[in-house]
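A structural model of the following input is requested.
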Amino acid sequence: MQKAITEAAGGSKSAIDALAQLGLNVQDLVNLSPEQQFKLIADRISKIEDPMRKAALAMEIFGKSGTRLLPMIQDGAKGLEAFQEQARRLGLTISTQTAKDAALLADSLDILWRVLKQGVFIIGSALAGTVRDLANAVTRTVVTITNWIKQNRELVVWVAKVAAVVAVAGVTLIALGYLVSGIAAAFGTLAAIASGVAPCWALSARCWRRWCHPSGWSSPPP
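Numbers count the residues shown, from 1 in each chain. Have a look, this model is predicted:
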């Protein structure tokens, strides 16, 4: 929009003609704020009934984004004011100071990013030789190992099978160890039960003898 107004002020025939089709000239706009200019032009465009002409003038004044603005300016200045009120109500507007702070933050982050990139380049150039040598050494090692595997496929397969057998055997031994531990624990429990039952059996036998021989009750216990 500002470009079209500036061009019209500079004597551009196409810009002057575009404003004229809206019933405007440079003098109507130069003393207005950008917001007022936008509302005035939007209000005039919204009154054009021919869709093709409306789109052409919107692109002439607002550039390539003109057609994307048409839904927003279709109700003219009142529609824009309704959009602004809704934005204020939803907290979507930002103050001039907030915009300046955001721009300052963006500039600071851009500077920081450039410094970091420069630091990476410097570190990279310092380590380039070492990294290159390391990469070459790793490449040679990988190539050597790959060639050896290609030449000893049967041996590699045999080693893989042995490793699988060893792994299975290891798992089996671990399971067997748990089984043996469980059996030992079971026997330990049985032994504890037996040691507790033995005195009971002895007492029962003594009672049985004395029951069968009543005279034995008067004799002192052994």
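
May I see the buried residues of stretch 79-90?
Gly79, Leu80 (16 or more other C-beta atoms under 10 Å). For every residue, glycine as well, the C-beta is placed using N, CA and C.

contacts for it?
Stretch 79-90 has contacts (C-beta atoms under 8 Å, 6 or more residues apart in numbering) with Phe38, Lys39, Ala42, Ser46, Met72, Ile73, Asp75, Thr93.

Tell me which two in these are the farthest apart.
The most widely separated members of those, counting by C-beta to C-beta, are Ser46 and Thr93 (22.5 Å).

Now the buried members of the contacts of stretch 79-90.
Buried, going by 16+ other C-beta under 10 Å: Phe38, Lys39, Ala42, Ser46, Ile73, out of these.

before we move on, back to that, flag whichever of the contacts of stretch 79-90 scores worst on pLDDT.
Minimum pLDDT across these is recorded for Thr93, with 68.

Adding secondary structure and distance to Gly182, write the contacts of stretch 79-90 out as JSON lines.
Below are these laid out as JSON lines (DSSP: H, G, I helix; E, B strand; the rest coil; distance: C-beta to C-beta, whole Å):
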{"residue": "Phe38", "secondary structure": "helix", "distance to Gly182": "85"}
{"residue": "Lys39", "secondary structure": "helix", "distance to Gly182": "87"}
{"residue": "Ala42", "secondary structure": "helix", "distance to Gly182": "86"}
{"residue": "Ser46", "secondary structure": "helix", "distance to Gly182": "88"}
{"residue": "Met72", "secondary structure": "helix", "distance to Gly182": "78"}
{"residue": "Ile73", "secondary structure": "helix", "distance to Gly182": "83"}
{"residue": "Asp75", "secondary structure": "coil", "distance to Gly182": "84"}
{"residue": "Thr93", "secondary structure": "coil", "distance to Gly182": "74"}
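
Specify which member of those is nearest to Ala135.
Thr93 (54.0 Å).

Next, Gly10: phi, psi?
Backbone geometry at Gly10, expressed as degrees, to the nearest 10, gives phi -80, psi 0.

again with Asp75
phi -100, psi 10.

so what's it up against?
Neighbours of Asp75 in contact, by C-beta under 8 Å, 6+ apart: Ser46, Ala82.

Do you have the helices of the protein handy? List them.
Using DSSP state H, the helices of the chain run over 2-9, 13-21, 26-29, 34-46, 51-62, 66-73, 76-89, 96-151, 153-212.

can you put the buried ones among the contacts of stretch 79-90 in CSV and add distance to Ala106?
Rendered in CSV, the data for the buried ones among the contacts of stretch 79-90 read as follows (distance: C-beta to C-beta, whole Å):
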residue, distance to Ala106
Phe38, 24
Lys39, 28
Ala42, 29
Ser46, 34
Ile73, 29
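
I appreciate the help and will end here.
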